[in-house]
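S.K.: predicted model follows, preceded by the sequence.
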Amino acid sequence: MAINFTFYPESNRVPGVFVEMDPSQANTARTFQRSLVLGQITDDGDAPPLFPLQVNTLTQIQAACGRGSMLAMMAHSYRTCDPFGDLWILPYADSGTAAAAVGSITFAGSNAASNGTLFLYIAGMPVRCGIAEGDTPAAIATKLLTALDNLDDLPVTATRALGVVTLTAKNKGLSGNSIDVRLNYYGAAGGEWTPPGPTITIVQPTGGTGNPLISDGLANLSDQNFDFIVTPYTDTPNLDAMKIFLDDATGRWSWEQMLYGGAFSAYRGSFSQCVNFGLARNDQHTSVMPYNNSPDPPWVWAAQIGAFASASLRVDPGLPLQYIGTYLKAPPVANRWAIGERNTLLYSGLSSFRVADDGTVVIDRMTTTYQKNPAGTEDDSYLDVETMYGLMYVARDLARYLVSKYARKKLVSDQTPILPGSNSVNAPMIKASTIAEYRVLEANGFVQNSRNFARDIVVENAGRGLVKILAPVDLVNQLRQIAILLQFRKS
């Protein structure tokens, strides 16, 4: 058996024992999977816009983003749901041409008839305001303003004029239009009701325009990998920018970059609005969760869904993203998707959730927005998020294995004899190694049917130092349904 060194010269005449390290059989490393959350900061945030920043604690997040900013809410929500993952933020300043959404709460009519508490929710965040018997509408408005001023993490600022409290979104842009304002989310059964007396009229925030464009910030990520990207933006220009960023031909999934990654977002609207939105998208690298009338804004939904999905995919990309509980506030019963609606959404390029009996929002199925191939034909190849992350894992594993084993070898023809331990290699040897590593992947539960893989794989020496491999990878499936035909008897 010939033993060939890479660096040690056989011409050496100096006595001694000389050791050269060969790590080609020892590499078991896995790519460190980072999460990236995009969003807007306020002027109080000290993070430089458009550049990624690693954050760990709530204090760091608040200092970097500004309390009450969109990005602060997102990063905090993400970290709450995924405390282990490596978290980075990509801050954006408000667009210079943007406008802030504005809403109001008006108190009018009679004085308070009894003592009580005002249970208000703004973007899903609770605001509690005590009311005393005899308080006038203007006095209640003043008390509410004080309560609001004491909550720095709200996404709005407040002013008062007589009995009207005006709410203005801290961040300018379309996002402010999704700030939900409501009373008594949990209702009387949850101990929440409004004391009798004044009438309360809520005008939901509207008028927000102009999202920042995410392209410049994405360009600053260089070649650092971010496997899980959470974006609050579902406007067409920004979704298209993300699609280009992750594209198979020129983006992070291309042969040139091989950085991979996927994006998670959420869309708020009626059933028909959600369906129409989903049908207009077609991107295997983005997953969108639709919902209607939850107090939590879309960017918080995106952060939590992305966090829980990331935590699972990081452990095992083959495990189905289903039956995963979240901390999101559920929509009212009338606004929850029925099973038929959920199925329609899943055929419209969107993901789905259900609500448990205790009100927990549970991830039902995570799909991408990919629906048709370039020929315009219906295509479910990239339907599930697990497929994309399974492919990512297998691609990285095979690349890592083959580079570690054959990084510095001489390529010879298939007919050339090769002694064991030689620094030469041919296509059949690479084929055998690829099959062996595929079997390791199979044993670890990432792929299946290794016999078929060994039968169908093609490895050829294309000349000039190039070896081509056709790898017929068969990913594991996810157990989605168990259908029972209950054939009963009567005796």
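M.R.: Thanks, I have it. Numbers count the residues shown, from 1 in each chain.
S.K.: how does this protein divide into domains?
M.R.: 34-93+214-387, 102-206, 410-491 (automatic domain parsing).
S.K.: all helices of the stretch 1-150 of the chain, in order?
M.R.: 58-65, 70-81, 137-149 (DSSP state H, counting those that start in this stretch).
S.K.: okay, the ones you listed in a markdown table with mean neighbour count and distance to residue 216 next?
M.R.: (C-beta placed from N, C-alpha, C; glycine too.) Formatted as a markdown table, those follow (neighbours: other Cβ atoms under 10 Å; distance: least, Cβ to Cβ, whole Å):
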| stretch | mean neighbour count | distance to residue 216 |
| --- | --- | --- |
| helix 58-65 | 19 | 18 |
| helix 70-81 | 26 | 16 |
| helix 137-149 | 18 | 34 |
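S.K.: which of those helices sits closest to residue 293?
M.R.: Among these, helix 70-81 comes nearest to residue 293, with 18.8 Å by Cβ to Cβ.
S.K.: average pLDDT for the closest one?
M.R.: For helix 70-81, mean pLDDT rounds to 98.
S.K.: same question, stretch 38-46
M.R.: If you average the pLDDT values across stretch 38-46, you get 97.
S.K.: once you drop chain neighbours, what's closest to residue 277?
M.R.: Closest residue to residue 277 apart from its sequence neighbours, by Cβ to Cβ, 6 or more residues apart in numbering: residue 267 at 5.5 Å.
S.K.: what is the burial count for residue 482?
M.R.: 5 (other Cβ atoms under 10 Å).
S.K.: confirm it sits in a helix?
M.R.: No - applying DSSP: H, G, I helix; E, B strand; the rest coil, one finds residue 482 to be coil, outside a helix.
S.K.: run through the chain and note the low-pLDDT ranges.
M.R.: Within the chain, the stretches with pLDDT under 70 are 1-6, 16, 21-31.
S.K.: okay, buried residues for the longest helix along it please.
M.R.: The longest helix of the chain (DSSP state H) is helix 385-406. For helix 385-406, burial by neighbour count (16 or more other Cβ atoms under 10 Å) applies to 385-394, 396-398, 400-402, 405.
S.K.: which helices and strands sit right next to it?
M.R.: strand 262-268, helix 298-315, helix 427-443 (3 or more Cβ pairs under 8 Å, 6 or more residues apart in numbering; DSSP states H and E).
S.K.: try it again at 10 Å.
M.R.: Judged by 3 or more Cβ pairs under 10 Å, 6 or more residues apart in numbering; DSSP states H and E, the packing partners of helix 385-406 are strand 262-268, strand 286-291, helix 298-315, helix 427-443, strand 466-470.
S.K.: the shortest one: how far from the chain's middle?
M.R.: Its chain's average C-alpha position is 34 Å from that of strand 466-470, according to Cα atoms, centre = their mean, to the nearest Å.
S.K.: try stretch 42-58
M.R.: The answer for stretch 42-58 is 19 Å, by Cα atoms, centre = their mean.
S.K.: for stretch 409-427, same thing?
M.R.: The mean C-alpha position of stretch 409-427 is separated from the chain mean by 45 Å, Cα atoms, centre = their mean.
S.K.: check the separation of the first and last residues in it.
M.R.: Terminal residues of stretch 409-427 lie 12 Å apart, using Cα to Cα, to the nearest Å.
S.K.: what do you get for stretch 273-290?
M.R.: 10 Å.
S.K.: list the buried ones in it?
M.R.: Quick answer for stretch 273-290 (16+ other Cβ under 10 Å): 274-275, 277-278, 281-290.
S.K.: what is the nearest of those to residue 124?
M.R.: When those are compared for distance to residue 124 (Cβ to Cβ), residue 289 comes out closest, at 15.3 Å.
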